[in-house]
Every structure is written in C-alpha cells, then in structure tokens.
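Asks: Take this sequence and fold it.
(chains A, B, C and D)
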There are 2 protein chains.
Amino acid sequence: MTSTQTQLARFRALLSKEGLKLTSQRKVIADVFFTGAKHQSLLELLEQAKVKQKSIGYATVYRTMRLLTEGGLAVEHKFGENQARYEPVHDGEHHDHLICLDCGAIVEFEDPMIEQRQDRMAADRGFEVVSHRHEVYVRCLPGQCRRDAAAS
Amino acid sequence: MTSTQTQLARFRALLSKEGLKLTSQRKVIADVFFTGAKHQSLLELLEQAKVKQKSIGYATVYRTMRLLTEGGLAVEHKFGENQARYEPVHDGEHHDHLICLDCGAIVEFEDPMIEQRQDRMAADRGFEVVSHRHEVYVRCLPGQCRRDAAAS
DNA sequence: ATCTCTGCAAACCGTTTGCAATTAT
DNA sequence: ATAATTGCAAACGGTTTGCAGAGAT
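Replies: Numbering: from 1, shown residues only, chains lettered A, B, ... in the order given. The predicted model follows:
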C-alpha cells in the first residue's frame, strides 16, 4: 500500500510536470494497475477499471498505460503473445522473467553475472548496451507445478 | 552454397514426409531465404521472390515461411518491431542477438555461461528450460559504427 | 484423377488516432 | 475560460484464412 501510494504520487508528479490533468479515469486505472496482479493486458486492466467506473473506455486505458510507460512507471512486455502486458516499475529496477508454458506462472529473476557478460559481449563488438530483453520459457519440473501462483 | 543445398534437401525431405508438394514458388522462396540476407521480413522475402517469379503472392511466402519454421529450418524473431523476421537454422544451433539501435546491425552471440546460469535459475525455481529469447539492444561506440554491415 | 497449392481479397486482432462532447485546472 | 481528456468508432498494420482455379504427383 505504501509503495502504491508512492507510485500514485509519482504519477501525479509526472502529470503536473507535463501540464496534464489527473482525471477520475486516470486515478482508477493507476490504482488498478499498481494494486492489481502484475503483467496484465490492456483488456484485463480495462475490465477491472470498469468495475470501479463502468464508463471507462479501452482507449483511455491504452493512453494512460502509455503515459505510465513513457514516464518510467510501467514497462511493457510481450511474452510471446501478440498482446502487450504491463508491469509496475519501482525505481530504475530491472529484472527478467521465467515464463512457464505449463501453468502460466511468470517468475522474475535477476542475475548480475548475466548482465555483466552481456555488457562485455557488446563492448567486445564495439557497442554499448542500451537495454535488453531476456525471457526464459520453461516447464514445471515433475511434481513442482505452482499452478494458480501466477503472481511473481 | 553447399550448406544451402543441404537446407534445400531438408526442405524437400520435410515436404515429402508430410505428403506436401515442392512447387516452383516454394523453391524460389526457399532459395531466397537460404541464400539471401539474414533476418528478413515477409515483405522483403516477397520482394526478392518476385524478382525470380513475379506472380508470387504474399500469402504463399507467409505459408512457406510457416512450413520452414514449423519444420525447424527457420526461426522467427520479433526484434522490438511488430513485424516478424526469419533466420535460417542450421542444426539445432541456437544463438542470441545484439541489435544496434543506431545502425540496425544485428550481431549474433552465444555464451555458454549465460545459458548455464539460465538453466540453474530455472532449476532452482522448480522449472526446466524449454527455450529462451535474449535480445540486447545496443548503440555503436563512438567511431565504431559498422553501418551497412547488417549481415550476420 | 486426386488432393495439394496458389493468389486474391477479405477477415482478424491488437493497437492507434480523429473528433465532438466533457471535465480538470 | 481554456486547454486537456474522454469515449466512440473508424483507421491501421501485420498476420491469417476461405475459396475457386491452377498445379504436382
């Protein structure tokens, strides 16, 4: 909750810095986004937003998520689908994902060693890293399925 | 050329195994795909195929690339675009990519250490790795741009 | 002869945008 | 008051498919 309040405050700051307005729709969408499940699609976010304010339209969710993404409060993923999913960002924090093809679980991971080797790889070839995308598609090991635990 | 002939032969085998036919269009498309630049889009492949046989349609390229992909002779990538790009596969060989945001170069890399850490990461969490996607977006270091070297 | 393949044009699906009415500042 | 915002519906862009005629075996 506290973290969510911080995110809300950041959104507010972002908006006023750009001369934009904090509408009831944006409040609802941000709330749904920051307090709800991670990695939701626009349609899922819309559905939940509509529970709180049923007049909200898809385009508003779309535009609000774009604001959040451009403002660095959300990241957009496309996990092998043709559909975007959004995840709250805390600081400049970055992590990658294991995506289970059996149960749909999405588990975060971070490995400094991997990032370090990436940097080296790039430098050796005359590049510097701007960003990366690392998705590992997995299957549950026998007897270890965490079905229904799609939370990160 | 030799490698290309091998690929052609594999395609042939793939087709006859499924009771499918080797048409002139499929021959042209496979040729363009295996001998041309890597990481081409359907439109680019179509354009080149049309040079050799101008009646070829987009849908045929699309369907042929699907055959090749499903048969394991091609892999499909989406490097941050909304458009698929295709790359010839040699054996079960796998590699990942550095994509330059400045000059468009796509450079392959492979790092057993990274793969190993991925496997460990997954195993520790009760999963086994099925596949992965690792794309590193980079920028040319000052004075080291290989513009026009988008190969490989 | 039979069953696959092709090219066209239309359907699809998620995303993106133009616009007239509405709302926050 | 004024400029931003909303919801709708239509446009987009790449992908996917139905179908009648052409082609490979």
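Asks: hey, where'd the helices end up in chain A?
Replies: Per DSSP state H, chain A has helices spanning A:2-17, A:24-35, A:42-52, A:58-70, A:112-124. These are given in chain order.
Asks: Go through the ones you listed and name the closest to A:N82.
Replies: A:N82 lies closest, by CB to CB, to one member of those: helix A:42-52, at 12.3 Å. From N, CA and C alone the C-beta is placed, and that goes for glycine too.
Asks: Is the closest one in proximity to DNA strand C?
Replies: Yes - contact between helix A:42-52 and DNA strand C, assessed by CB under 7 Å from any atom of the strand, occurs at A:42-43.
Asks: Quick check: buried residues in that helix?
Replies: A:42, A:44-46, A:48-50 (16 or more other CB atoms under 10 Å in any protein chain shown).
Asks: which other helices and strands contact that helix?
Replies: Of the remaining helices and strands, those touching helix A:42-52 by 3 or more CB pairs under 8 Å, 6 or more residues apart in numbering or on different chains; DSSP states H and E are helix A:24-35, helix A:58-70.
Asks: okay, those helices, which one's buried deepest?
Replies: helix A:24-35 (a mean of 20; mean count of other CB atoms under 10 Å in any protein chain shown).
Asks: Determine if any part of that one is in contact with DNA strand D.
Replies: Yes - using CB under 7 Å from any atom of the strand, helix A:24-35 reaches DNA strand D at A:25-26.
Asks: average model confidence for that helix?
Replies: Mean per-residue pLDDT for helix A:24-35: 98.
Asks: Enumerate the residues of chain A near DNA strand C.
Replies: So chain A meets DNA strand C at A:21-24, A:41-43, A:58-59, A:62-63, A:66, A:82-84 (CB under 7 Å from any atom of the strand).
Asks: Now render the helices and strands packed on helix A:42-52 as JSON lines, adding distance to A:A13.
Replies: Compiled in JSON lines, these are given as follows (distance: least, CB to CB, whole Å):
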{"stretch": "helix A:24-35", "distance to A:A13": "12"}
{"stretch": "helix A:58-70", "distance to A:A13": "12"}
